[in-house]
Every structure is written in structure tokens, then in C-alpha cells.
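*Asks:* Compute the structure for the input listed below.
(chains A, B and C)
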Amino acid sequence: MTELLIIWSVLVSQIMIALAMVCALYRVAKGPRAQDRILGLDTVYITAMLLLLTFGIRTANVLYFEAALTIALLGFVSTIAFAKFLMRGEVIE
Amino acid sequence: MTFLVDLPVWAAIPVCLLLLSGSALTLAGAIGLVRFQSFYERLHAPTLCTSGGVLLIALSSMIAFGVLQNRWIVHEVLIVVFMIVTTPVTLMLLGQSALYRDRAEKSAEVPRKTETAKADPGIDISGNDI
Amino acid sequence: MRYWFPYPVLSLLLLGFWLLVNQSVSPGQILLGTILSVSLSWAMVNLEPSKPRLRRPGAAFRLAGSVIKDIAQSNLAVLGAVLSRRKPPVQSAFVMVELQLQDDNAIALLACILTTTPGTAWLEYDRQTRMLLIHVLDTADGKDWQSIVTHRYERLLKEIFE
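*Replies:* Next up, the predicted model:
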């Protein structure tokens, strides 16, 4: 009983996070402006990190958590660089 | 998938509830990203993912592995701290750059720079304060 | 002592973070972490941040409590706005708020609080006119944001920092 409960809830939450990723990717593709695409890309990063977290819960593999931390770091830095680029036209002043 | 079966029922129920509610909040944030009309409204949607979704899912993972006691739970703590620290910075900078671009195009939807600063020629109005 | 360790709290936090990332308390990692954190705090000296002084730790706990409560409430409010059947789903607006805070650290903390809360987004603060521009997602409930910012957050932040 417990086994079924856990297997299904992990699966359902993975499906929901994947749907969230699709929504964010839709925003990246549709736009309409550059800032919308960057916001969508930031959300894609966050949902990818959450998906890795659920994979980590499912398999108890520590490697997934390391990967999630790396994605969070890279997503933050890249979004900051994009936003800076929009404001000034160059990343490093 | 074998190890999670060892989880006792009293721990399995909160783990499942937190996991499901966290992913539902994330999905709601992403749906908001699609549904809202203007960029500034969409700016609110990802905070639902970061403040609600990340916190709840990390909490459920912490409970699961804390009960099973097969490793430290530091990764989730690191991820939550990192998200709390970085999200405001990202969204603030993105909002500012969007405001800057809209003002440069003289869009009618965004408010202009405040009048008093404009009237005084000695003050540099080109730079934005963060 | 002050010369060698300019920011002791920052150094300790960095060392703790280093040990957490590496997941070990072996002497080699502690040595490496100490060298890194002290040299990074020397780098902070060149940036010359204004040193915050926490006057009332009790007020900080009250602020944290009210922020957590607000984040939970506005999470639910934004959830309702996303799932509502109206078209368009929300009536958002730009709101101007006048700030009385002086301290830079307090203003930065207020920016983080307002941005983390779903439903409000910090856009711009003008240092000369002391006017803050925020974007509010749902204005249909007719809340007075000037009084919310002033009474709920600014009062406590003033107690803590000034």
C-alpha cells in the first residue's frame, strides 16, 4: 500500500513538473519580447532543477542533487548576464 | 525504487503530500507564465515556483532521507538557501531591464521617471538605482 | 586582529558553506576553507560595504515571522489568480510608494522581501525623490500598499537597522 502510494505520487509530481517545463518553454518560444524569453528560460532552469530533485528522491542517488545544485548556480548566473545585456547592451562594463 | 518502500506510513504520507503540493504550485506558476497578459504580470509567476515549489519539494526530500537515515540532508539545505538568496536578485534585475527598455521605446504602459528628478538639471537621471 | 580578519562573521559563514558543499570536516578541507574565506573577506574590504548594525534581534524574528506568513498567504492568492476563470485573469497596476528608510542595507532587505513575495515586484527606487515603484499583481482587493509597506515592513526594519 505504502509502496503504491509513493510510486504514484512521485510519478504524478514528475509529470506535473514536466508540464510546467513545457509551459515555460512555450513562453521561451512565443516571446513576444526578449525579457519574456529570459523569464521563461529562468523558469525552465528552476523546473529542471526540481525534476532532478524528484529523480533524486526516486533513486536515492546523491549525484542528482549535485546536478540540481549546479543547474541552480548556472541558471542564476546566466539569467543575470542576460538581464545585464538587455539593460546595457554588453555584459562586462 | 526499492529503498522508498522501507519508509514507514507516518513518514510516507507527509512526503507524498509535500511532493504533490510542491509540484502543483510549480505547475500553477508556469501556467501563470502562459496566461498572464503583460510582462510585468508574468514577472510574478516564477516566484510561485521558487518560494513555494522548491521549498515544499526540498522539505519532502529532507523528510524522506532524514527518516531513512542513509545520508546527510545538506544538499536540500544548500539548494533552498541558494534559491532564497538568488531569486530576488534575478527578478529585480530583469524587471529593471524591462522597465529600461520600455522607457527607451517611450511605451505608454509604463510610468515615466518621477517628475521632480526631471525638473532638476543637476541630477543625473540616466542611471537607475538598484 | 581587525586587520587580519576584517569581516569575521562573513568568513565564518563562507567556511561553513565550503564545508557543507564538500560534505566533510577533515583537517585539510578546514584549512583550505579557512584560507579561502579569509582571503575572500580581504576582497570585501576593497568593496567597502556599509557595515550593518543589528540593534534589536527580537524585531528581526518578528519581521521573519510576518514575512513567512505573507509569503504563504500571497502564494495562495496568486494561485487563486492563476486559476481564476476571468479574462484577463488579474488587474495589475504600478504603485508608487514613498519610503522613509535611510540605511542601504535596510532598503536592500526590503527589496528582497517585496520581490520574494508573489504578488509584488520591486522595479525601481529613486534615491533623490525617495519614491519606490512596485508592480502589484492583483489590485482588485483594494489594499493600500503605501500603508502596508510603511506599517508592516518599514517600521520593523527601522527598529532593526536605524
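
*Asks:* From here on, just use CA atoms for contacts and neighbour counts.
*Replies:* OK.

*Asks:* For chain C, what lies in contact range of chain B?
*Replies:* Within chain C, the residues that sit near chain B (C-alpha under 8 Å from any C-alpha of the partner chain) are C:20-21, C:23, C:71, C:75, C:78-79, C:82-83, C:88-90, C:92, C:94, C:111-112, C:115-129, C:131, C:135, C:137.

*Asks:* From the residues you listed, keep the buried residues only.
*Replies:* For the residues of chain C next to chain B, a burial check counting by 16 or more other C-alpha atoms under 10 Å in any protein chain shown picks out C:71, C:75, C:78-79, C:82, C:89-90, C:92, C:94, C:111-112, C:115-126, C:131, C:135, C:137.

*Asks:* show me which of those neighbour chain A.
*Replies:* Okay, of these, nothing touches chain A (C-alpha under 8 Å from any C-alpha).

*Asks:* Just the ones of those in strands?
*Replies:* Among these, DSSP state E puts C:94, C:120, C:121, C:122, C:123, C:124, C:125, C:126, C:131, C:135 in strands.

*Asks:* Which pair in the residues you listed has the greatest spatial separation?
*Replies:* C:120 and C:126 (17.7 Å; C-alpha to C-alpha).

*Asks:* which residues of chain C fall in helices?
*Replies:* C:8-22, C:27-47, C:57-83, C:104-116, C:145-147, C:155-161 (DSSP state H).

*Asks:* Next one: the host helix or strand of residue B:65, is it in contact with chain C?
*Replies:* Element membership for residue B:65, per DSSP states H and E: helix B:54-68. No. Helix B:54-68 stays clear of chain C (C-alpha under 8 Å from any C-alpha), getting no nearer than 11.3 Å.

*Asks:* Residue 80: what's it in contact with?
*Replies:* No chain specified, so I'll use chain A. Residue A:80 makes contact with B:90, B:93, B:94, according to C-alpha atoms under 8 Å, 6 or more residues apart in numbering or on different chains.

*Asks:* that's the wrong chain, I wanted chain C
*Replies:* Residue C:80 makes contact with no residue under the criterion C-alpha under 8 Å, 6+ apart.

*Asks:* what's the burial count for residue 84?
*Replies:* If you meant another chain, say so; for now it's chain A. Using other C-alpha atoms under 10 Å in any protein chain shown, residue A:84 has 19 other residues around it.

*Asks:* Please refer instead to chain B.
*Replies:* Neighbours of residue B:84 under the rule other C-alpha under 10 Å: 16.

*Asks:* hang on, the earlier thing: which among the helices of chain C is found nearest to residue B:20?
*Replies:* helix C:57-83 (14.9 Å).

*Asks:* what inclination does the closest one have with respect to helix C:104-116?
*Replies:* Interaxial angle, helix C:57-83 versus helix C:104-116 (axes from the mean of the first three to the mean of the last three C-alpha atoms, to 10 degrees): 30 degrees.

*Asks:* list the buried ones in helix C:57-83?
*Replies:* In helix C:57-83, counting by 16+ other C-alpha under 10 Å, buried: C:59, C:60, C:63, C:67, C:71, C:74, C:75, C:76, C:78, C:79, C:81, C:82.

*Asks:* What is the neighbour count of residue A:36?
*Replies:* Neighbour number of residue A:36 under other C-alpha under 10 Å is 23.

*Asks:* Sorry, slip of the keys, the one I care about is residue B:105.
*Replies:* With other C-alpha under 10 Å as criterion, residue B:105 counts 9.

*Asks:* Let me know the pLDDT of it.
*Replies:* Note on residue B:105: pLDDT of 78.

*Asks:* One more: residue A:89?
*Replies:* At residue A:89, the predicted lDDT confidence score is 69.

*Asks:* repeat for residue C:18
*Replies:* The predicted structure scores residue C:18 at 86 on the pLDDT scale.

*Asks:* And it, how far from residue B:13?
*Replies:* Distance of residue C:18 to residue B:13, computed by C-alpha to C-alpha, to the nearest Å: 34 Å.
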